[in-house]
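# Task: produce atomic coordinates for the following.
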Amino acid sequence: MCKRFVAQIFLVAMLAFCSTSKATEWVSGDAGISFQIPDNPSWHQATPPNPQVKLILERTNKTAEVFFAVFSAPPNQQVLNQDFISGFEKGYWPSDKSTKHTGEFFDFKGKKAYKTSGDLFIKDITFKKGAIIWMENKKVFLISIMKRSADPMEDTVIKTFLETAKFISASKN
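Numbers count the residues shown, from 1 in each chain. Predicted structure coming up:
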């Protein structure tokens, strides 16, 4: 009887959580990807600084952010390989402002990708930073995550953003 009661309480709690948790689907047809953006008042969508940055989400107190960008691949680097990654990381992890901790090729939802993580130092503040990068159709796709003094994957908005990424058919421009 007690186990059944506990199971019923758990079920009610899960249903309440699911019915109150809201998310908006953000879709980039030209990039062929969608993400779920949780409805969280401590986050907002910022204005991208250039056309390559498709989406920026940031905490209102500026302690965390996630962005998605699409760039044209360099003409001489159309394949995601160690040569390309070496050049990418020189810009992503500047030696005087950051420390790279990890980097590895992996499967990101069926696509060959590379992920990297480390620390970025801005004045006296350490940001934990990471990226997922893949290439397709002469384009480079980048998801970058960052959080002040903490693992960005511990933030539910960032974690949801990455976990709900879904590849869709890209529209032709």
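# I figured residue 63 hits residue 152, correct?
No. Contact criterion Cβ atoms under 8 Å: residue 63 and residue 152 do not qualify, at 10.4 Å. Every C-beta, even on glycine, is put in place using the N, C-alpha and C of the backbone.
# Between these two, which has more neighbouring residues?
Taking other Cβ atoms under 10 Å, residue 63 and residue 152 do not tie; residue 152 has more neighbours (23 against 16).
# Go through stretch 41-49 and flag the buried ones.
Residues of stretch 41-49 classed as buried by neighbour count (16 or more other Cβ atoms under 10 Å): residue 43.
# Export only the CA atoms of that stretch, formatted as PDB.
Provided in PDB are the C-alpha atoms of stretch 41-49 (Å, rounded to 0.1, in the frame of the first residue of the first chain):
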ATOM      1  CA  PRO A  41      12.500  34.100 -16.800                       C
ATOM      2  CA  SER A  42      16.200  34.300 -15.900                       C
ATOM      3  CA  TRP A  43      17.200  33.800 -19.600                       C
ATOM      4  CA  HIS A  44      16.400  35.900 -22.700                       C
ATOM      5  CA  GLN A  45      17.200  35.800 -26.400                       C
ATOM      6  CA  ALA A  46      19.800  38.400 -27.400                       C
ATOM      7  CA  THR A  47      20.200  40.000 -30.700                       C
ATOM      8  CA  PRO A  48      22.900  38.200 -32.800                       C
ATOM      9  CA  PRO A  49      25.800  40.500 -33.600                       C
END
